[in-house]
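Novice: Need coordinates for the below:
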Amino acid sequence: MARVELLDPKVHGELRYDARRAARENRDRFVQIAPIEFPLVAVRYPIFLSKDAETGGFYFGAMLGIDPDENLYAGDDAIAAPYRPLQLQRLPFFLAAEGLAADLENPYLSETGPGETLFDFTGEYSDYLQTVRTALVALHNGMDSGRALARTLLEHDLVESVEIELSFDDGSTRTLEGLYSVSRDSLSALPDTVVTSLFRSGDLERIHLLLASLKCVPMVAARKNARLG
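Specialist: As a prediction, the model looks like this:
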């Protein structure tokens, strides 16, 4: 169970976070992202919509693996990856009204192990924690725009369910379900006035980035194929 506490240098001044080990051992197959991340994500990972199991609302995510609990981009070089989604950059920290909080049950937080310090010698946030705070603020602001974009796609009937069949060299297959994307046919059929509105709001660019990111599915599949080999 999570134990989230507001970070206080007098209480947590000796805490360290082993970010390298956390990145190396991460097992998140599908990571929620914000539209501000689309330009960086779309050239590296496929972007899909999925439904929140609790609310039924749509959210955007980057696909990092094929099987459950599988991040094909984790490993020794994960921390130095060209881009890691903000959701992974910010773990296990949270924004709070009074500052930053952390889940003290996170296995990569400790007072004795290696890792990044959370506070400097003056009791201020360390450079690492400042970077985390920047990621948290960007993610917090971006989630609102993500919900707005999802509503826009639904309003114009642009969301469609997709099912992806993958075959691998060892003879095994995988079927990816529960994913959604933008319907190219519905997008092409939109009235010019709607297209103009989407263009001026920046949503049309985000839609095209989402669609372009689907070319990354074979890249993820190739990583899986290499592991199966």
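
Novice: hey, where'd the strands end up in this structure?
Specialist: Secondary structure of the chain (DSSP state E): strands at 4-6, 16-17, 30-32, 47-51, 58-63, 93-96, 99-103, 109-110, 116-117, 159-167, 173-182.

Novice: could you dump those to a markdown table with mean neighbour count?
Specialist: All C-beta atoms are positioned from the backbone trio N, CA, C, and that covers glycine. Written out in a markdown table, the entries for the strands of the chain read as follows (neighbours: other Cβ atoms under 10 Å):
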| stretch | mean neighbour count |
| --- | --- |
| strand 4-6 | 13 |
| strand 16-17 | 22 |
| strand 30-32 | 20 |
| strand 47-51 | 20 |
| strand 58-63 | 23 |
| strand 93-96 | 17 |
| strand 99-103 | 17 |
| strand 109-110 | 18 |
| strand 116-117 | 16 |
| strand 159-167 | 13 |
| strand 173-182 | 15 |
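
Novice: Export these to a markdown table and append columns for distance to Pro218.
Specialist: Compiled in a markdown table, these are given as follows (distance: least, Cβ to Cβ, whole Å):
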| stretch | distance to Pro218 |
| --- | --- |
| strand 4-6 | 39 |
| strand 16-17 | 34 |
| strand 30-32 | 18 |
| strand 47-51 | 15 |
| strand 58-63 | 12 |
| strand 93-96 | 34 |
| strand 99-103 | 36 |
| strand 109-110 | 37 |
| strand 116-117 | 35 |
| strand 159-167 | 9 |
| strand 173-182 | 13 |
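
Novice: now those strands as TSV including mean pLDDT and distance to Leu209?
Specialist: Written out in TSV, the entries for those read as follows (pLDDT from 0 to 100; distance: least, Cβ to Cβ, whole Å):
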stretch	mean pLDDT	distance to Leu209
strand 4-6	94	33
strand 16-17	96	31
strand 30-32	96	16
strand 47-51	97	7
strand 58-63	96	11
strand 93-96	94	26
strand 99-103	95	30
strand 109-110	95	34
strand 116-117	94	31
strand 159-167	95	16
strand 173-182	95	10
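
Novice: pLDDT below threshold where in the protein?
Specialist: Screening the chain residue by residue with the criterion pLDDT under 70, one finds the ranges 78-80.

Novice: same thing but 80
Specialist: In the predicted model, the chain carries pLDDT under 80 at residues 1-2, 76-82, 229.

Novice: Name the nearest residue to Phe199, sequence neighbours excluded.
Specialist: By the measure of Cβ to Cβ, 6 or more residues apart in numbering, the closest residue to Phe199 outside its immediate chain neighbours is Glu205, 7.8 Å from it.

Novice: if we can go back for a sec, nearest to Pro191, of the strands of the chain?
Specialist: Using Cβ to Cβ as the criterion, the shortest distance between Pro191 and the strands of the chain is 16.5 Å, found for strand 173-182.

Novice: Not counting its own residues, what contacts that closest one?
Specialist: 48-51, 58, 63, 66-67, 153, 158-168, 207, 210-211, 214, 224 (Cβ atoms under 8 Å, 6 or more residues apart in numbering).

Novice: between the strands of the chain, which one is nearest to Leu198?
Specialist: In this view, the strands of the chain are compared for proximity to Leu198 by Cβ to Cβ, and strand 173-182 is the closest at 11.1 Å.

Novice: and the angle from the closest one to strand 159-167?
Specialist: If you take axes from the mean of the first three to the mean of the last three Cα atoms, to 10 degrees, strand 173-182 sits at 160 degrees to strand 159-167.

Novice: Report all helices and strands that the longest helix along the chain contacts.
Specialist: Longest helix in the chain, counting residues (DSSP state H): helix 127-155. Contacts defined by 3 or more Cβ pairs under 8 Å, 6 or more residues apart in numbering; DSSP states H and E place helix 127-155 against strand 58-63, helix 86-90, strand 93-96, strand 99-103, strand 116-117, helix 203-213.
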